[in-house]
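K.L.:
Below are the sequence and a predicted model for it; my questions follow.
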Amino acid sequence: MGKYNLLLGEKIKLLRKKKNLTQESLAEKVCRSKNHISKIEQGNANPPVSLIFDIAEALNVKPYELFVFNKYSNTELKNFDVKKEICSITDKNLLNTLYKIMEVLKEN
C-alpha cells in the first residue's frame, strides 16, 4: 500500500464525513460496493481515474481537490512511535492528559 493511496483514502473519508455520507451511500452514488469504498479509504485499493472523477462528483468537489493533502497524514501521525515516547513518561496526570488527547485525535 503506497503513501499516496493512504493520503487519497484519508482525503476521501474526510470529505465523505463532511458531507454526512456513509460509505454505503457514497458507494451507491458511484456504483461500487461499500467494501470497495472501504478499501479505497484504507489505502488498500488504487481507484482508476474514472472512479476518482465519480467520487469527486459525488462529494461535490473538483477531482484535483482529492489530491490536496496535509503535510502529514493521519496514518503517518498514528505510526509515529508514540508508544515508545509514552512509556518513558512516569507522571500519571500527564499520561491521563495524553490519553485524552489521543482519544480526540483518534475520533478525527
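P.N.:
Structure received. Numbers count the residues shown, from 1 in each chain.
K.L.:
can we go C-alpha only for contacts and neighbour counts from here?
P.N.:
Noted.
K.L.:
who's in contact with P63?
P.N.:
52-53, 56-57 (C-alpha atoms under 8 Å, 6 or more residues apart in numbering).
K.L.:
quick one, domains of this structure?
P.N.:
3-67, 74-107 (automatic domain parsing).
K.L.:
with the contacts of P63 in mind, which one is nearest to L15?
P.N.:
Nearest to L15 among those is A56, at 9.4 Å by C-alpha to C-alpha.
K.L.:
Please spell out which residues along whichever strand or helix holds the closest one are buried.
P.N.:
Following DSSP states H and E, one finds A56 within helix 49-58. For helix 49-58, the neighbour count (16 or more other C-alpha atoms under 10 Å) marks 52-56, 58 as buried.
K.L.:
what stretches of this structure score poorly on pLDDT?
P.N.:
Within the chain, the ranges that satisfy pLDDT under 70 run 1, 70-86, 88, 108.
K.L.:
about what we covered before: most packed of the domains of the chain?
P.N.:
domain 3-67 (a mean of 17; mean count of other C-alpha atoms under 10 Å).
K.L.:
So what's the gap between that one and the chain middle?
P.N.:
10 Å (C-alpha atoms, centre = their mean, to the nearest Å).
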